[in-house]
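**Q** Model the structure of this input:
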Amino acid sequence: MDKEISKIVKDTDLKHIAIIMDGNRRWAKERNLPTMVGHKKGVDALKNTLRACNDFGVKYLTVYAFSTENWNRKQDEVDYLMELVAITLTNELAEMHNEGVQIRFIGDLSRFSEKLQKILENAINTTKNNTGVVLQIALNYGARDELTKAVKNIVASGIKAEDVTPDVISKHLYTAGVPDPDMLVRTGGEQRISNYLLWQIAYSEIIIESEFWPEFGKDLLAKSIQEFGRRQRRYGK
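**A** I've put the predicted structure just below:
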């Protein structure tokens, strides 16, 4: 399977996959398990997917881990998610570093605790020179918030209105310097974007998988890439 999928990745020039990791809570509910178990299984799914990207030759993986709207969830769930991020990055960092993963974060990190911010900063600094898969984790991320901040930064920088171009806007986004996603995968069957990478996915192929995120991994990623390989990307032509 690896050779077949790697060929599709190469032939289609598939560089960047973005994923909306949806369905942790529904997966747990169907099994009469606590919500937190679903989130923990979601971490395992991310590890499997990250390794699959490496096996298939995909350079960039961007995942939606915590949105600006997720603060509205119950406080105990929010607290657990923050702790899960901290524990995962602490326990898994050495292994990801050894595997050549470069970790980045997109979103407004200033709202997080000082302890968590230090953990995030350490992950960035430890892996910044790695040359393997670039893992972008969206934390406290919302596309409208990102675009609002970009506009404010452009205005503050003194750029004249007539000099604002799509390229200028792209350079002021959290994802500056990273190619736009070729493919956006959403698990859990929902068919909406949920305020995710609204600028960057203008020409992404959108693939909806019915399986919940904890069920995702190498096989389902391969299935999504196969579907991507059947698409014709015309860019309006």
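**Q** make it CA atoms for all contacts and neighbour counts henceforth
**A** Noted.
**Q** all helices of the protein, in order?
**A** Under the criterion DSSP state H, the chain carries helices at the ranges 2-12, 24-30, 35-56, 75-98, 114-127, 143-156, 166-171, 218-230.
**Q** Pipe the ones you listed into CSV and attach mean neighbour count per row.
**A** Converted to CSV, the helices of the chain look like this (neighbours: other C-alpha atoms under 10 Å):
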stretch, mean neighbour count
helix 2-12, 16
helix 24-30, 18
helix 35-56, 19
helix 75-98, 15
helix 114-127, 16
helix 143-156, 16
helix 166-171, 14
helix 218-230, 17
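**Q** So for stretch 176-194, mean pLDDT?
**A** Mean pLDDT, computed over stretch 176-194, is 98.
**Q** Could I get the average pLDDT for stretch 89-98?
**A** Mean predicted lDDT for stretch 89-98 stands at 97.
**Q** now that stretch, how far from the chain's geometric center?
**A** Counting by C-alpha atoms, centre = their mean, to the nearest Å, stretch 89-98 is centred 18 Å from the centre of its parent chain.
**Q** Any idea which residue is closest to the centre of this protein?
**A** residue 63 (1.6 Å; C-alpha atoms, centre = their mean).
**Q** quick one, what contacts that one?
**A** 18, 19, 20, 21, 135, 136, 137, 138 (C-alpha atoms under 8 Å, 6 or more residues apart in numbering).
**Q** what is it paired to in the beta sheet?
**A** Applying DSSP bridges to residue 63 gives these bridge partners: residue 19, residue 137.
**Q** on that earlier part again, can you say which of the helices of the chain is nearest to residue 201?
**A** Counting by C-alpha to C-alpha, residue 201 lies closest to helix 143-156 out of the helices of the chain; the figure is 10.7 Å.
**Q** So which elements touch the closest one?
**A** helix 166-171 (3 or more C-alpha pairs under 8 Å, 6 or more residues apart in numbering; DSSP states H and E).
**Q** top of the contacts of residue 63 by neighbour count?
**A** residue 18 (26 neighbours; other C-alpha atoms under 10 Å).
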